[in-house]
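> Next comes the sequence, and after it the predicted model I'd like to discuss.
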Amino acid sequence: MIVANNVIKSYGELAVLKGINLQVEAETIVCLTGASGAGKSTLLHILGTLDKPNGGQVLINGEDVFKMSDTKLSKFRNQHIGFVFQFHHLLPEFTAIENICLPALISGKSKKETEKEAMQLLEIFSLTNRANHKPLELSGGEQQRIAVARALINKPSVIFADEPSGNLDAENAAELHQLFVTLKKQFKQTFVIVTHSQSLVNIADKVLHLQDGVII
């Protein structure tokens, strides 16, 4: 579903990615591992179209994403890609269900249908009783599950996650990792995850290790 061909990325004279080739199959959990500074987050941001490479090609569902115009790429990203980061990035002035609905409303979906789908996700995540709570009224684990629900609301082809459990205690991290497995099975969801967590690596279908800007 995702193919990267000879992706390179530099910042000035600093070469961060030095020719990345990879494939990600649909309905799999793929973990990107490696020491800090190996290029994991840079690669994730390029695969997720948040950053552009200096060279190489990225295909998602057969689409050469960096040949798209900025407008088309933004629309493609909204419809096909979900993101989960180490810090949940929920908007504090909105409730849990409002945060989940935002990507769908931005894409033009009706509020009524979006709220119905958001409540279904909250039910799956056992958070229906927290729908109208604002982020500061939620625990760290609850906030991150809301962030995952937000990433799922547009039924994306793939979810990219950058250290999604890095800010959670062991119990909440374990629950989040198990949630990824459940979503892969229930929604046929694909995940590409940057992580240092061995327990998350243990549930992955594929592990890619980066070192000095290349996959070893």
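Received the coordinates, thanks.
> Let me see the backbone angles for the residue nearest in space to the middle of the chain.
Nearest to the mean C-alpha position of the chain, by Cα atoms, centre = their mean, lies residue 160 at 2.3 Å. Backbone geometry at residue 160, expressed as degrees, to the nearest 10, gives phi -100, psi 130.
> Apart from its neighbours in sequence, what residue is nearest residue 38?
Leaving out its chain neighbours, the residue that sits closest to residue 38 by Cβ to Cβ, 6 or more residues apart in numbering is residue 210, at 4.1 Å. C-beta coordinates here come from the backbone N, C-alpha and C atoms, glycine included.
> Give me the buried positions along the helix or strand in which the one you found is found.
Using DSSP states H and E, the element containing residue 210 is strand 206-211. By neighbour count on 16 or more other Cβ atoms under 10 Å, the buried set for strand 206-211 is 208, 210.
> Stretch 44-62 too?
44-49, 53, 56, 58-60.
> for the chain, what are the low-confidence residue spans?
The chain contains residues with pLDDT under 70 at 86-88, 168.
> biggest helix in it, by residue count?
Criterion DSSP state H: the longest helix present in the chain is helix 170-187.
> list the buried ones in that one?
172-177, 179-180, 183-184.
> If we only consider those residues, which is nearest to residue 76?
Distance to residue 76 across the buried residues of helix 170-187 (Cβ to Cβ) is lowest for residue 183, with 21.5 Å.
> so the closest one makes contact with residue 152?
Yes: under the criterion of Cβ atoms under 8 Å, residue 183 makes contact with residue 152 at 7.1 Å.
> residues shared between the contacts of the two?
Listed as contacting both residue 183 and residue 152 by Cβ atoms under 8 Å, 6 or more residues apart in numbering are residue 189.
> Just give the number of residues close to residue 118.
24 (other Cβ atoms under 10 Å).
> With the one 10 residues further on instead?
Close neighbours of residue 128, defined as other Cβ under 10 Å, add up to 14.
> again, but for residue 5
Counted with other Cβ under 10 Å, residues neighbouring residue 5 total 15.
> helix, strand or coil for the nearest residue to it once chain neighbours are set aside?
Distances taken as Cβ to Cβ, 6+ apart put residue 57 closest to residue 5, at 4.4 Å, once the chain neighbours are dropped. Assigned with DSSP: H, G, I helix; E, B strand; the rest coil, residue 57 falls in the strand class.
> check contacts around residue 57.
3-7, 64, 66.
> now, among these, which is nearest to residue 30?
residue 4 (11.6 Å).
> quick one: the helices in this protein?
40-47, 70-80, 96-106, 111-124, 140-152, 170-187, 198-203.
> and for the first one, what are the contacting residues?
Contact with helix 40-47 is made by 2, 4, 7, 9, 16-17, 20, 32-34, 51-53, 58, 160, 162, 192, 194, 210, as judged by Cβ under 8 Å, 6+ apart.
> re earlier: residue 89: which of the helices of the chain is closest?
Between residue 89 and the helices of the chain, the tightest spacing by Cβ to Cβ is seen for helix 140-152, at 6.8 Å.
> list the buried ones in that closest one?
For helix 140-152, by 16+ other Cβ under 10 Å, it's 141-152.
> got the contact list for the nearest residue to residue 100 once chain neighbours are set aside?
Leaving out its chain neighbours, the residue that sits closest to residue 100 by Cβ to Cβ, 6+ apart is residue 118, at 4.3 Å. Residues counted as contacts of residue 118 (Cβ under 8 Å, 6+ apart) are 97, 100-101, 104, 131, 149, 153.
> Lovely, talk soon.
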